[in-house]
Structures are given as C-alpha cells and as structure tokens.
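Asks: return atomic coordinates for the entry below.
(chains A and B)
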Amino acid sequence: MSMLTVQDLNVWFGSNRDRVDAVIGASFEIPRGESFGLVGESGSGKSTILRAITGLAPDWSGAITVDGQQIGKARPKTFFKTVQMVFQDPYASLHPRHSVDQVLGETLHLHGFKDIDSRVVKLLDDVGLGQKFRFRYPHQLSGGQRQRVAIARALAPEPALLLLDEPTSALDVSVQAEILNLLADLRADRGLTYLMVSHDLSVVGHMCDRLAVMKDGEIVEVLDVAALRAMEAAHPYSKQLLEASV
Amino acid sequence: MAETQTLREWLLTETPTSRRHAKMSALYQGWLSFRSNTMAMIGLGILVALVVVAAGAPLIAPHDPFVQELSNRLAPLGAEGHILGTDSLGRDILSRLIYGARITLYIVALVALIAPIAGLLVGTVSGYVGGWTDTVLMRITDIFLAFPRLVLALAFVAALGAGIENAVLAISLTAWPPYARIARAETLTIRSSDYISAIKLQGAGALRIITKHIWPLCISSLIVRVTLDMAGIILAAAGLGFLGLGAQPPSPEWGAMISEGRRFILDHWWVATMPGLAIFTVSLAFNLLGDGLRDVLDPKAGE
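Replies: Numbering: from 1, shown residues only, chains lettered A, B, ... in the order given. Got it, this is the predicted structure:
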C-alpha cells in the first residue's frame, strides 16, 4: 500500500499579477517503507512540495493522500502523528530560548503522551545525543547536534512518514555523513518512509530507492537508484544533472 | 565556605540533573553577567534602596510628612531637625521625599504592569494573525501614537478626574503603543521562522504559539524598553502632578512638591530642587538598570 500519493499537485504563491507557480502538475507515489528522493536545482520547487504536504504552503490544488487518507485544507491532529518534517537549517529550526528538554517535552505533550520524562531520555539516546544534552540550549550545541535534536523532535510522535528538507546541506561534510547514517539506521529500525529533498545526487544515491528530478516546478523524470548509478536518464535535463555531478 | 563553593559548582555545572536545576543554573549565570556590569549594579542598588526606603517609610522618616509647622516654614538646608529644610507649610522635606517614594513606586509598578502587557498582547496578536486584525489594531495604535504623550494623558485625566489612579491609567493608555509596535515588529520576524513552522507541525494552536513561542522572544526587548521608559513614566507622572492633575495635595508626590516649590524657586531653591534631585536619581537608576538588562537579556548577545 502506498504511504504517500501526490496527484497533479500545483502550488503557487501570491495572487493575480504577483502569482508565482512554484510547483506545476507534480505526481508521484511512495510505497510504505520506501525512501524517495526529490532532486533539482535551487528554486525548482522541491521544498515547496514538502511544505504543501505539511500545510505550510497554504495555496495548492490537486490530491494528496497520506496512508490512505485524502488531505483537505485543514489537517487533523492525527495527520501530524503520521507525517513529520526535518528542516534544512538546524540553526533556524530550534527555538533559541527553549532547551532541548523543552523542545522535546512540548512536542510529546502536544501529541498526548503521558510518560514524557522517560520518552525524552529515550529519544535523546535514539539520536545518539544522550542525557547530558537534555538541558542545553541551542546556542550551546553544534550544527550536527542541533540537527539530531530536530530529528528527535520529528521522531517524537512516532510518525510513519518523515519529510527531510535537505537535512544535511547546512552541515559540514564529516557531520553530514554522521547524520545520513543516523537517518539510514532509524529508517531500518523503525520501518519509516522517507521523502527526501536534496540537490546533492550522491546523498540521494546513498539514501534513496527511487528519485524524481525536478526542473522549474515540474517533475521531468522518475528513476530508480540503479538507473542513477548507471547514468541511464532519459530526459535531457536529468542527463545534464547526472553528468554535472560526476 | 566549603558549602558555598559546592553550591556555586552546583549552579555552574555543565550537566544539570533536573529541570529546576537547569533553571537555577541559567538564572545564576544571568546574574553573574549582570553583576559584572558596574553601572547596572549602581542602578540596581539605587532602586533596591528606594524600595527599602518606601517600605520602611514610617521607621525612617524623621517627621510626619503631613504635620505643618507654620512658624518654621521654608527653613533652609541643614536647619535643626530638618536636614533638607521645610516647605511653604513648614513640613519636613526629607520625610515628604521618603513617603513620596511610595507613590513613585506605586505609579511605576502599575504602569509597568499595564502598558507593556497591553502592548505585548496587541502587538503579538496583530503580528501573528495578520490581515484585517493587523490593519485594525495597528491603525488604533497609530492614533494613540499621533498624540503627544503628555497632552493625551492630560486629556484622559481631565476626562476621568484628577487623582493618582487616573494619572496611572492615563499614562498607561499613552505608553502602550510603542510596546505594541516593538512586539509586532519582533513577531513578524519570528512568525515565518522554521521553529514556528516546526511547532505548527506538532499541531500547536495560535494561542500556544503566541504565548509560549513568540512571547519569550519579545519579552526581553520589552523589559529593556520598559526600564528605559521608566524615567519617562516617572517624569510624566511628575508632570501631571506639577500641572495639578496627578496626585493631589497634601499627598507628597515628587512632581506635586516641585510644583509647590516653584513659587519660591528664586529665594528658597531647595524646596523644588530636592524632589527634582530625587526624580533625577531614580530616573537615572532605571536607565542604568535598563542598559545592564539589555546586555543580559538580549538573545543575540548569548550566542
């Protein structure tokens, strides 16, 4: 059964003369347990698709189905228990005045968990941070540690689908590998489904089973990773992208 | 000594063991950085002294501030039994200043409670909700901002009647719009940030986002602004008192005392000068404190 189906999705910003169409007629499907990549250059609408799925981009049309349930304009609370997102910049995605404990505690509280203390400890262990980071504030953490906290926050409601918005692009190379391995391990342990946005083909090649190539708001081609590795793209733009990344 | 040392270590630990411990530790570190600012500590010292004086007024004041002694009116500085002299009705100026500290603190405390909270509410709701709400609230704010502060306060007092409570109300009504503007500006930069998006993705409602996520980031700049405005508030209250629309005689409000002393300012300068010095000292103390708090509370400074 498919975890996420996107049919003919259009996303735009502004209205009338100022209208900008960020995504045009995007369709793809992700089976449960798969890791799906969205690649393309900056401004091609990759992140906008994630924001439309989560409701952060208010103007969209088309059909989005998550775990068999069609999504309307307002998302019910159960939606956020199924779908969570990790943001691109860990320096901007944590509240500067909230400690790690507050961030995770509030998330757990909002999802109606009772055993908050033990869950916070467990989440920190799961993302490889441990107890001593529990009462730290974001400015006392490195970029990689912050992104681990952001991942812990996304895992807190025990979602089935994780949207990853270039989760490593703001980190330096050695830390990137750590975070990518953490994400791969978590997926293996929990049977998560990933939708991962990246402009880095090697990251997508490492993390994903299939990928879609986007250009100017449209999906030009969907290929699997074997085709990516064999450099067998059909669309000229995908070919160009593959050649540029070698 | 050994015990204080361990307490200090407990407070400065890198790895707090509980929520309470973490909070105490953060407070202590804030205090340490505040303490290193000498000017701010002077300001805090003056204000603590003011509070002590106001609380212990009946014990400290050498005379009853209301007892008149017409045979000894306008006694100079250092006169026997009256260190700061007496006013036109022979009342001891020092005692009146000491009791006046209570009124000043009362005004300052009430305005500091009403105006920033009203401003914070209006500003954050306006900034976060946006659209029509924003337009309506901000135009109302503009209308209040368009009047000179003291003139608007005068109009309110004239409408509500003279008296210390109405003076407080009038000053509060004129003091909130700048706070609303600051809070709105901060909210606009905060509301589109990723950490607000992240908490939205946990299903948080607007009320929770405004009170738990936006307020903590606005409050530090508001606190600083309040302490810097305190001098203005004291002066506005004194101004209303001076114009006879604030505290009413025989209440020993500092502004009203200056107003009384004005008639003798050439021959008996100390009658107006002493309350003036008191206002100056307290205003200065608030300004110094505000500068120090800005250094401690500014979230950007912590990074």
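Asks: quick one: A:Val39 is in a helix?
Replies: No: assigned with DSSP: H, G, I helix; E, B strand; the rest coil, A:Val39 falls outside any helix and is strand.
Asks: ok, now which ones touch it?
Replies: If you count contacts by Cβ atoms under 8 Å, 6 or more residues apart in numbering or on different chains, A:Val39 has them with A:Lys46, A:Val197, A:Ser198, A:His199, A:Leu201, A:Val204, A:Leu211, A:Ala212, A:Val213, A:Met214, A:Leu241. In short, each C-beta sits where N, CA and C put it, glycine included.
Asks: distance of the first one from A:Val6?
Replies: So the one you mean is A:Lys46. A:Lys46 is 13 Å from A:Val6, where distance means Cβ to Cβ, to the nearest Å.
Asks: could you do A:Gln140 as well?
Replies: A:Gln140 sits 39 Å away from A:Val6, taking Cβ to Cβ as the criterion.
Asks: and these two? Which one has more around it.
Replies: Between A:Gln140 and A:Val6, counted using other Cβ atoms under 10 Å in any protein chain shown, A:Val6 has the larger neighbour count: 22 against 15.
Asks: does B:Pro76 count as helix, strand or coil?
Replies: The assignment at B:Pro76 comes out as coil when based on three-state DSSP.
Asks: could you look up the SS state of A:Ser42?
Replies: Following three-state DSSP, we place A:Ser42 in the coil state.
Asks: for residue 231, which non-adjacent residue is closest in space?
Replies: Assuming you mean chain A. Nearest-residue entry for A:Met231: A:Leu242, 5.2 Å, with adjacent residues in sequence omitted and distances by Cβ to Cβ, 6 or more residues apart in numbering or on different chains.
Asks: my bad, the chain I had in mind was chain B
Replies: Spatial nearest neighbour of B:Ala231, chain neighbours left out: B:Ser283 (3.4 Å); criterion: Cβ to Cβ, 6+ apart.
Asks: just B:Ser259 next, same as before
Replies: Ranked by Cβ to Cβ, 6+ apart and with sequence neighbours excluded, the top spatial neighbour of B:Ser259 is B:Phe242, at 4.2 Å.
Asks: in the chain, where's the longest helix?
Replies: Since you didn't name a chain, this refers to chain A. Ranked by number of residues, the top helix in chain A under DSSP state H is helix A:173-190.
Asks: you looked at the wrong chain, it should be chain B
Replies: Ordering each helix of chain B by length in residues (DSSP H) puts helix B:93-129 first.
Asks: which other helices and strands does it contact?
Replies: For helix B:93-129, the helices and strands in contact under the criterion 3 or more Cβ pairs under 8 Å, 6 or more residues apart in numbering or on different chains; DSSP states H and E are helix B:38-55, helix B:57-60, helix B:131-146, helix B:164-191, helix B:215-242, helix B:254-261, helix B:270-297.
Asks: so of the ones you listed, which one's packed in deepest?
Replies: Of all the helices and strands packed on helix B:93-129, helix B:254-261 carries the top mean neighbour count, a mean of 25, counting by mean count of other Cβ atoms under 10 Å in any protein chain shown.
Asks: could you list the low-pLDDT ranges of the chain?
Replies: Reading this off chain A. When the per-residue scores of chain A are filtered using pLDDT under 70, the ranges that remain are A:246.
Asks: you answered for a different chain; I wanted chain B.
Replies: Across chain B, the stretches falling below the confidence threshold (pLDDT under 70) are B:1-5, B:14, B:298-303.
Asks: check contacts around the residue nearest to the spatial centre of it.
Replies: Taking Cα atoms, centre = their mean as the criterion, B:Met230 is the residue nearest the geometric centre of chain B, at 3.9 Å. Counting by Cβ under 8 Å, 6+ apart, B:Met230 makes contact with B:Val108, B:Ala112, B:Ser283, B:Phe286, B:Asn287, B:Gly290.
Asks: which of the residues you listed sits closest to A:Phe80?
Replies: Using Cβ to Cβ, the shortest approach to A:Phe80 within the contacts of B:Met230 belongs to B:Ala112, at 39.2 Å.
Asks: the residue nearest to A:Met231 is in contact with A:Ala233, isn't it?
Replies: Yes: checked against Cβ atoms under 8 Å, the pair A:Leu242 and A:Ala233 is within contact range at 5.5 Å.
Asks: which ones are touching residue 62?
Replies: You didn't pick a chain, so chain A it is. A:Gly62 makes contact with A:Val6, A:Gln7, A:Asp8, A:Leu9, A:Asn10, A:Gly25, A:Ala26 under the criterion Cβ under 8 Å, 6+ apart.
Asks: the intended chain is chain B.
Replies: Each residue near B:Pro62 by Cβ under 8 Å, 6+ apart is listed here: B:Gly81, B:His82, B:Ile83, B:Asp92, B:Leu94, B:Ser95.
Asks: do A:Lys215 as well
Replies: Contact partners of A:Lys215, counting by Cβ under 8 Å, 6+ apart, are A:Gly40, A:Glu41, A:Ser44, A:Tyr237.
Asks: would you format those as TSV with neighbour count and distance to chain B included?
Replies: Formatted as TSV, these follow (neighbours: other Cβ atoms under 10 Å in any protein chain shown; distance: Cβ to the nearest Cβ, whole Å):
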residue	neighbour count	distance to chain B
A:Gly40	25	21
A:Glu41	13	22
A:Ser44	24	20
A:Tyr237	18	30
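Asks: in CSV: these, plus distance to B:Asn166.
Replies: Output for the contacts of A:Lys215, formatted as CSV (distance: Cβ to Cβ, whole Å):
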residue, distance to B:Asn166
A:Gly40, 65
A:Glu41, 64
A:Ser44, 62
A:Tyr237, 72
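Asks: partners of the residue nearest in space to the middle of chain A in the sheet?
Replies: With distances taken as Cα atoms, centre = their mean, chain A has A:Leu164 as the residue nearest its mean C-alpha position (1.6 Å). Beta-bridge partners for A:Leu164, by DSSP bridges, are A:Val86, A:Met196.
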